[in-house]
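In: my questions concern the predicted model and sequence given below.
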Amino acid sequence: MMNVTMQNRLTGKLSRIRSGDYRPGDFIIADAKDAEMGGGIGALGSKRFASGAVRPVTAADYRQSMKDMMDSGLVDIMLTSMAAAEDLAGRGAYDGSDVTQAIRLNDATDIWGFRGASYRDGPALPFRTARLEHARRFAALGLYAVTFYNDRDLDVAMSGAYRDFRQRAETVGMSHFLEVFNPAFPIETGSADLGAFVNDAIVRCLAGVAKSEAPLFLKMHFNGARAMEELACYDPANLVVGVLGGAAGTTRDTFELVAQTERFGGRVALFGRKIYLAEDPIEIVRLMRAVVEGQIGTVEAVRSYHANLSSKGIAPSRTCEEDLEVTDPVLKAEAG
């Protein structure tokens, strides 16, 4: 399976974004279904049956949700663990699909959030479970994640691990995108805000990287409109900026996040919980696309989402009025 390549759907969008020919229809959406790599079984939640019975979500359940989303044709990338990618490939899930498969290629300790664990209370230690020669059998694209702490020793170790990864990835022919987490706890950044610190840390990190080994795009926290616009405008032909979803939040939060990301220059959204924990994951992604493409506003999208749930007999986890609230502070200033 070494001939696995990225799909033309994704490469075409990236080409148009970099060349300045971007249109809202080129906005890239990825479904991040790699939660078990950080949270184990507990990260997948529970499955509720019509009878009222509840049981933990199984690997088969989780992988079926991946297949369902790929079959919808709404996402450009399906990000999974190595184990899930191998299983899906073995069952022919990617056959005939124009969705690009991607694999999480490292799992530093700041994503180890399984039940009873306290690893995330401290700084991340670089770590990589996945072996690239195996990952390359199932995907031509993977995710690598870093976190910067304004700590010399920690950041040198993180940067060194990323350098070593790039060397190995280039050897096996694996492209990647770079996830940059905000630290999970407050750090000292002097007079600069966190968004400025993270932007500068990214540019410093990538300034010494050749094009052949550079990330295809970024996945990072939305640190406000100003920070997003600053980074997106810095080098748009080479540095494509994307946003991660973070906490589940309200449905309005989800739509505001994609809308504001696109408005201020971001061109990719990579959401995990915001899709997976939605009452109707496929419908929420359909409306995300409609919001980004200017077909509907964020308020109208929430109302449409709830009307759809009602028509399908799906009980919402919040009332429509509750779901119309913008609860993420970083989104409130620019909320429509």
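Out: Okay, I see it. Numbering: from 1, shown residues only.
In: all contacts plus neighbour counts: C-alpha atoms, from now on.
Out: Noted.
In: which residue ranges form the strands in the stretch 201-336 of the chain?
Out: For the stretch 201-336 of the chain, the strands defined by DSSP state E, counting those that start in this stretch occupy 218-220, 242-244, 268-271.
In: any chance of TSV for the ones you listed, columns distance to residue 326?
Out: Shown next, in TSV, are the strands of the stretch 201-336 of the chain (distance: least, Cα to Cα, whole Å):
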stretch	distance to residue 326
strand 218-220	20
strand 242-244	17
strand 268-271	17
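In: including mean neighbour count, distance to residue 119 and mean pLDDT, could those strands go into TSV?
Out: Compiled in TSV, the strands of the stretch 201-336 of the chain are given as follows (neighbours: other Cα atoms under 10 Å; distance: least, Cα to Cα, whole Å; pLDDT from 0 to 100):
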stretch	mean neighbour count	distance to residue 119	mean pLDDT
strand 218-220	25	21	98
strand 242-244	26	21	97
strand 268-271	26	23	97
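In: burial measure for the residue nearest to residue 112 when sequence neighbours are not counted, as a count.
Out: Residue nearest to residue 112 in three dimensions, not counting chain neighbours: residue 38, with 4.5 Å by Cα to Cα, 6 or more residues apart in numbering. Counted by other Cα atoms under 10 Å, the residues lying close to residue 38 total 17.
In: residue 38 and residue 113 touch, don't they?
Out: Yes - assessed by Cα atoms under 8 Å, residue 38 is found in contact with residue 113 at 5.5 Å.
In: what are the phi and psi angles of residue 184?
Out: With angles defined as degrees, to the nearest 10, residue 184 sits at phi -80, psi 0.
In: need the contact list for the residue nearest to it when sequence neighbours are not counted.
Out: Of all residues not flanking residue 184 in the chain, residue 120 sits nearest, at 7.1 Å (Cα to Cα, 6+ apart). Counting by Cα atoms under 8 Å, 6 or more residues apart in numbering, residue 120 touches 109, 110, 111, 112, 113, 184.
In: in a strand, residue 120, correct?
Out: No - going by DSSP: H, G, I helix; E, B strand; the rest coil, the assignment for residue 120 is helix, not a strand.
In: ok, it to residue 89 distance?
Out: Residue 120 sits 32 Å away from residue 89, going by Cα to Cα, to the nearest Å.
In: helix or strand with the lowest mean pLDDT in the chain?
Out: Within the chain, no helix or strand scores below strand 46-48, which has a mean of 83 by mean pLDDT, DSSP states H and E.
In: who's in contact with whichever helix or strand comes after that strand?
Out: Proceeding N to C from strand 46-48, the next assigned helix or strand is strand 54-56, under DSSP states H and E. Outside strand 54-56, the residues within contact range by Cα under 8 Å, 6+ apart are 41, 42, 44, 45, 46, 47, 48.
In: ok, now how distant is the last one from residue 16?
Out: Read that as residue 48. 43 Å.
In: same question, the fourth one
Out: Taking Cα to Cα as the measure, residue 45 and residue 16 are separated by 38 Å.
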